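> The following block contains a protein sequence and its predicted model.
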Amino acid sequence: MGAALAGVHCAGGEEGRVDMGVGASFADAVLRVAAGMSAGLLVVFSVTAATAQTPVKFTLDGKFEGPAAPFVVAIDKGYYRAEGLDVTIDISGGLLEPINRIASGAYDIGFGDINALIKFRDQNPSVPIKAIFMVYNKPAFSIVGRKSRGVTKPKDLEGKKLGAPAPDGSYAQWPIFVQANGIDVSKVTIENVGFPVREPMLAAGQVDAITGLSFSSFINLKDRGVPVDDIVVMLMSNYGVDLYGNAIMVNPKFAAEKPEAVKAFLRAFLRGLKETIKNPAGAVNSVVKRNDAAKKEVELERLNMAIRDNILTPEVRENGFGGVVLSRLDAAIDQIALTHQFKSKPKAADIFDASFLPTVAASRVN
């Protein structure tokens, strides 16, 4: 093509000038075709780049509520996509569902209670799921009571009725709470209640206290009209239950095959977490638009409680986001032994893998 154009441009004389005009038109046509081909190639390359993103299936531990904001903010802000990931996030129905989903390989990464994971690993040693990013440095496990029912401190539970759903994560820590606070458990009446009626029963005075997550039970009681100054939240972590809380977990096969995707996910999530902490009121919009039943002011309060009590702890401010102190996690496993008879008690390093965490500099609390 280049030689043909050169021959046309080199033609001389009158005839040559006429030929030159025709040649120029031909050249323009060729350039237009070439430009069109280039544009077409760019489209092809763009489509290829878009489809080349690594798909990641992620499961939450419940509904789209305030504390889930960092995960969905990272979608809405394009943080995952910027890392080459196509992330889909699904809700789940309870404490063990995220772990079971990840274990089965149906989901690549998820969010769940590390204490439930520790027990799961003991019962399923052939499925080496690990936590890779600690989100709730302190868990939201709580006993929530009412002053008007005579409950303001742990020992007040003696002689009272405690509403506790059998599969509740907070109730799973009850034996630890009892021992740490010298409660005579024989003097406490435990009533197995369903999750939907837990807060309504406390609001109606049918029980004196309940087990639940601080940022859920408090908000639900307040939303039902219980006066704020009548609600007592005993965060178990403030009463001798030194456990970690919810963490990001990964399917071992996915981690082995796509370690860079796992690291990319955590980098993007960390950006979403920092953005959420910086602007909770803006971040909560990403939750509300995914949950028709959610009220912004309710979910914002729930999110702010999680940030204050569970995420931005003194340990995190000192050490940064995402990691754990192995000696503390080992001590937590010892506490779990009060509620679970281990077949083979694990070490902290068996449960938590820090190799995927973002850099120390990136993980610092700004």
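It's in. This one's a predicted model, so the numbers in the text were calculated from it and none came from an experiment. Residues are numbered from 1 along each chain as shown.
> which residues in the stretch 101-250 of the chain form strands?
With DSSP state E, counting those that start in this stretch as the definition, the stretch 101-250 of the chain shows strands at residue ranges 109-113, 130-134, 141-146, 161-163, 189-191, 209-213, 231-235, 246-250.
> now these in CSV, with mean neighbour count?
All C-beta atoms are positioned from the backbone trio N, CA, C, and that covers glycine. Compiled in CSV, the strands of the stretch 101-250 of the chain are given as follows (neighbours: other Cβ atoms under 10 Å):
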stretch, mean neighbour count
strand 109-113, 27
strand 130-134, 23
strand 141-146, 27
strand 161-163, 22
strand 189-191, 14
strand 209-213, 27
strand 231-235, 20
strand 246-250, 26
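> Kindly state the domain boundaries assigned to the chain.
Structural domains of the chain, as assigned by automatic domain parsing, span the residue ranges 54-137+244-363, 141-238.
> quick one: terminal-to-terminal distance for the first one?
Between the start and the finish of domain 54-137+244-363 there is a gap of 24 Å, counting by Cα to Cα, to the nearest Å.
> and that domain, how far from the chain's centre?
Relative to its parent chain, domain 54-137+244-363 has a centroid offset of 4 Å by Cα atoms, centre = their mean, to the nearest Å.
> Mean pLDDT added to the domains of the chain, as TSV?
Formatted as TSV, these follow (pLDDT from 0 to 100):
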stretch	mean pLDDT
domain 54-137+244-363	97
domain 141-238	97
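> What is the burial count for residue 118?
With neighbours defined by other Cβ atoms under 10 Å, the count for residue 118 comes to 25.
> Contact partners for it?
Counting by Cβ atoms under 8 Å, 6 or more residues apart in numbering, residue 118 makes contact with 333, 336, 340, 346, 351.
> who touches the last one in this structure?
With contact taken as Cβ under 8 Å, 6+ apart, residue 351 is in contact with 114, 117, 118, 121, 130, 131, 329, 333.
> Report the two of the contacts of residue 118 separated the most.
The most widely separated members of the contacts of residue 118 are 340 and 351, with 13.3 Å between them, by Cβ to Cβ.
> would a markdown table of the strands of the stretch 101-250 of the chain with distance to residue 323 be doable?
Written out in a markdown table, the entries for the strands of the stretch 101-250 of the chain read as follows (distance: least, Cβ to Cβ, whole Å):
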| stretch | distance to residue 323 |
| --- | --- |
| strand 109-113 | 17 |
| strand 130-134 | 6 |
| strand 141-146 | 21 |
| strand 161-163 | 34 |
| strand 189-191 | 36 |
| strand 209-213 | 23 |
| strand 231-235 | 22 |
| strand 246-250 | 11 |
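> Residue 316 is nearest to which of these?
Taking Cβ to Cβ as the measure, the strands of the stretch 101-250 of the chain were each checked against residue 316, and strand 130-134 came out nearest at 8.6 Å.
> which residues sit against that closest one?
Looking at strand 130-134 with Cβ under 8 Å, 6+ apart, the contacting residues turn out to be 114, 117, 244-245, 247-250, 252, 255, 262, 266, 269-270, 321-324, 350-354, 356-357.
> Please apply the same query to stretch 295-312.
By Cβ under 8 Å, 6+ apart, the list of residues contacting stretch 295-312 reads 65-67, 69, 135-140, 214-216, 218-219, 223, 235, 245, 273, 276-277, 280-281, 283-285, 287-288, 291, 365.
> Give me the buried entries from those.
The neighbour count (16 or more other Cβ atoms under 10 Å) marks 65-67, 69, 135-140, 214-216, 218-219, 235, 245, 273, 276-277, 280, 283-285, 287-288 as buried among these.
> re earlier: okay, and which of the contacts of residue 351 map to helices?
The helices in this structure, assigned by DSSP state H, contain 114, 117, 118, 121, 329, 333 from those.
> ok, the first one - contacts?
In this case it means residue 114. With contact taken as Cβ under 8 Å, 6+ apart, residue 114 is in contact with 131, 134, 243, 244, 245, 246, 247, 351, 352.
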